[in-house]
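Student: Return atomic coordinates for the entry below.
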Amino acid sequence: MASNGGSVVGLLSYETLVHAVAGAMGSVTAMTVFFPLDTARIRLQVDESRKSKSTPVILAEIAKEEGVTSLYRGWFPVISSLCCSNFVYFYTFNSLKRLMVLGKGQSTPGKDLVMGFIAGTVNVLLTTPMWVVNTRLKLQGAKFRNEDLHQTHYKGIFDTFYQIIADEGVGALWNGTLPSLLLVFNPAVQFMFYEAMKRRAGQAGRKISSVEIFLIGAIAKAIATTATYPLQTVQSILRFGQHKSQAKGGLLGSVRNVVNLLMDRIRRSGVPGLYKGLEAKLLQTVLTAALMFMVYEKIAAVTFRLMGLNKKLKH
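Tutor: Numbering: from 1, shown residues only. Sure thing, here's the model as predicted:
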């Protein structure tokens, strides 16, 4: 009975909710600040015929051809998806942390990796439809160099959901789920390094500064992003789903489709083609993750202090 009670407390605790809300708010703040970098990244991943490679040049091209506001095209659906996604991830991760670590001493890198993987899997299965929709909206109206890409005509989030279901079937909302599940290793690796470095920096009760949290978050994300970037390229292509030659994905997509997309990109652009947009992705995700973790830690700390909760789980 004690075990069941502990499980319920871990899943429904106020502290877990605070972590989830703080994580969601941190991610929304950070993504809003660095959103144009994400616009550059996804253009380079999907439209491989674009010659420009450096982030400043691609941003200047988009602003000149489509207007400065196009750099923030799709902001609302992306932010909505990100808010839900990070709420689910942080809630699941911290629930598992309470269940697996509470009363059993410190966490370990191995436990952090397992918790991150489980939290990421739950997150992917629940939120992939939102990411498919925001990828479509983010690329709508883009001036593509690749003639193999279709243009779309959506009127908003709900119309995008409706058109995808009507034209491509419900399963299309989970396009890119297979690489997304493989990419669960990205946040899992990120959180493993983040928690390990934070434990090391906070040894002997030492208080960790905001600058240190920023740097720790940046390093952890840079390692995870570089390791998994080719799969992120395939994920973006599958989510967009408007290549004339692209096979339809189905609920989980297919291993063959993922492999074919990887091999096709290598055939067209060589192995470096799998890493097109990495500069923009690293700038965006590293800075976003660093700022997100800093805001997350501050919001959580202030909330716990205001509510008089000093029983936070020890890292």
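
Student: Quick one: mean pLDDT over the helix or strand where residue 279 lies.
Tutor: Secondary structure from DSSP states H and E places residue 279 in helix 278-307. Mean pLDDT, helix 278-307: 85.

Student: helices or strands up against it?
Tutor: Under the contact criterion of 3 or more C-beta pairs under 8 Å, 6 or more residues apart in numbering; DSSP states H and E, helix 278-307 touches helix 14-33, helix 35-46, helix 55-66, helix 210-240. Using the backbone N, CA and C atoms, a C-beta is placed for each residue, glycine as well.

Student: In the second one, which residues are buried?
Tutor: Looking back up the chat, that one is helix 35-46. Neighbour-count burial for helix 35-46, counted by 16 or more other C-beta atoms under 10 Å, picks out 35-46.

Student: Can you lay out these as TSV showing pLDDT and distance to residue 121?
Tutor: Rendered in TSV, the data for those read as follows (pLDDT from 0 to 100; distance: C-beta to C-beta, whole Å):
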residue	pLDDT	distance to residue 121
35	91	27
36	91	30
37	87	27
38	86	23
39	88	28
40	87	29
41	84	24
42	85	23
43	84	29
44	81	28
45	80	23
46	81	25
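
Student: Of the residues you listed, just say which sits nearest to residue 290.
Tutor: When the buried residues of helix 35-46 are compared for distance to residue 290, the smallest value, 12.9 Å, is given by residue 37; criterion: C-beta to C-beta.

Student: who's in contact with the closest one?
Tutor: Counting by C-beta atoms under 8 Å, 6 or more residues apart in numbering, residue 37 touches 55, 59, 280-281, 283-284, 287.

Student: so can I have CSV of those residues showing distance to residue 171 and neighbour count?
Tutor: Converted to CSV, the contacts of residue 37 look like this (distance: C-beta to C-beta, whole Å; neighbours: other C-beta atoms under 10 Å):
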residue, distance to residue 171, neighbour count
55, 34, 20
59, 35, 19
280, 30, 26
281, 27, 24
283, 34, 16
284, 29, 26
287, 35, 18
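
Student: Where does pLDDT dip in the stretch 1-150 of the chain?
Tutor: Scanning the stretch 1-150 of the chain for pLDDT under 70 picks out the ranges 1-12, 52-53, 101-106.

Student: same question, the stretch 151-300 of the chain
Tutor: Under the criterion pLDDT under 70, the flagged ranges of the stretch 151-300 of the chain are 242-256.

Student: winner for burial among the helices and strands packed on helix 278-307?
Tutor: Most buried of these, by mean neighbour count (mean count of other C-beta atoms under 10 Å): helix 35-46, with a mean of 24.

Student: which one of the helices and strands packed on helix 278-307 lies closest to residue 118?
Tutor: When the helices and strands packed on helix 278-307 are compared for distance to residue 118 using C-beta to C-beta, the nearest one is helix 14-33, at 14.5 Å.

Student: That closest one to helix 210-240, inter-axis angle?
Tutor: Computed by axes from the mean of the first three to the mean of the last three C-alpha atoms, to 10 degrees, the angle separating helix 14-33 from helix 210-240 equals 70 degrees.

Student: How far off centre is helix 14-33?
Tutor: The chain centroid and the centroid of helix 14-33 are separated by 13 Å under C-alpha atoms, centre = their mean, to the nearest Å.

Student: Could you work out which of the helices and strands packed on helix 278-307 reaches nearest to residue 292?
Tutor: Closest among these, once you apply C-beta to C-beta, is helix 14-33, at 4.0 Å.

Student: For that closest one, name the packing helices and strands.
Tutor: For helix 14-33, the elements it packs on are helix 75-101, helix 278-307, judged by 3+ C-beta pairs under 8 Å, 6+ apart.
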